[in-house]
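Engineer: could you look at this predicted model? Sequence included:
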Amino acid sequence: MELFDIKLIDVEDFLELIVRFALNTGVIIVLVRYLYYSITKRKDYLFTYFLISFIVFLLCFLLENVKLELGFALGLFAIFGIIRYRTRQIEIKEMTYLFLVIGVSVINALANKKVSYAELIFTNAALITITYLLEKVYLLKHESRKVIDYDKIENIKPENHAELLRDLEDRTGLKINRIEVGKIDFLRDSARIYIHYYESHNEVNLADDSNYEEE
């Protein structure tokens, strides 16, 4: 049956879409929900990665027959690879996961009949394994950074470093690894402080407020 010269359903292609979509979704859930989110706890990127993955996969799969396969895939990498949100800068790690999510979706959607399902499953499993090893085994200490507008400007002097560290740890509740002093505003008696800490040492992730924010 057809409607406007378009098939209402092509059983073989539809089943292939379901199988590949299920495979891609499973891989993205492992990469984003159980690897990325378990470490960063950033729900904004969790939402973004899932939707981008679904959009890229369906876009590639449904347009595969247009014969734009290689050029289309490279074009997607070029477009999404230069994405910079206007509200904030994307960090290197988040950009890497974005590239990973897009790459996995493109692979799962555009792998043609010359690529067996065994090869496809191995590729996805290899990406999951490598990401897991880097996140959980070889890079156990994930260093994060927060930006603080600090009001006790006298503590930024080198001789008061110990007092500055103690005051920041008391206020934030974080075990700080290192501190950087940024812009100093003598008119307002404040300074911009960058604190670096290991998430594995801090069970509670502090939310952003008016005094400090995470970059």
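Structural biologist: Arrived safely, thanks for sending. The model shown is predicted, which means the values in this text are computed figures rather than measured ones. Residues are numbered from 1 along each chain as shown.

Engineer: show me how this structure divides into domains.
Structural biologist: 7-138, 143-214 (automatic domain parsing).

Engineer: pipe those domains into a markdown table and attach mean pLDDT and mean neighbour count per row.
Structural biologist: Quick note: C-beta positions are derived from backbone N, CA and C, even for glycine. Formatted as a markdown table, these follow (pLDDT from 0 to 100; neighbours: other Cβ atoms under 10 Å):
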| stretch | mean pLDDT | mean neighbour count |
| --- | --- | --- |
| domain 7-138 | 79 | 15 |
| domain 143-214 | 76 | 14 |
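
Engineer: so how far is residue 32 from the residue nearest the centre of the chain?
Structural biologist: The geometric centre of the chain, computed from its C-alpha atoms, lies nearest to residue 94 (Cα atoms, centre = their mean), at 3.3 Å. To residue 32, residue 94 is 11 Å away according to Cβ to Cβ, to the nearest Å.

Engineer: that's a helix at residue 105, yeah?
Structural biologist: Yes - judged by DSSP: H, G, I helix; E, B strand; the rest coil, residue 105 forms part of a helix.

Engineer: gap between it and residue 98?
Structural biologist: From residue 105 over to residue 98 the distance is 11 Å, taken as Cβ to Cβ.

Engineer: who touches both of those two?
Structural biologist: Counting by Cβ atoms under 8 Å, 6 or more residues apart in numbering, the residues touching both residue 105 and residue 98 are residue 52.

Engineer: which stretches of the protein form strands?
Structural biologist: 2-3, 6-7, 143-150, 176-185, 190-198, 212-214 (DSSP state E).

Engineer: wait, residue 145 sits on residue 182?
Structural biologist: No - here residue 145 lies out of contact with residue 182, judged by Cβ atoms under 8 Å, at a distance of 11.3 Å.
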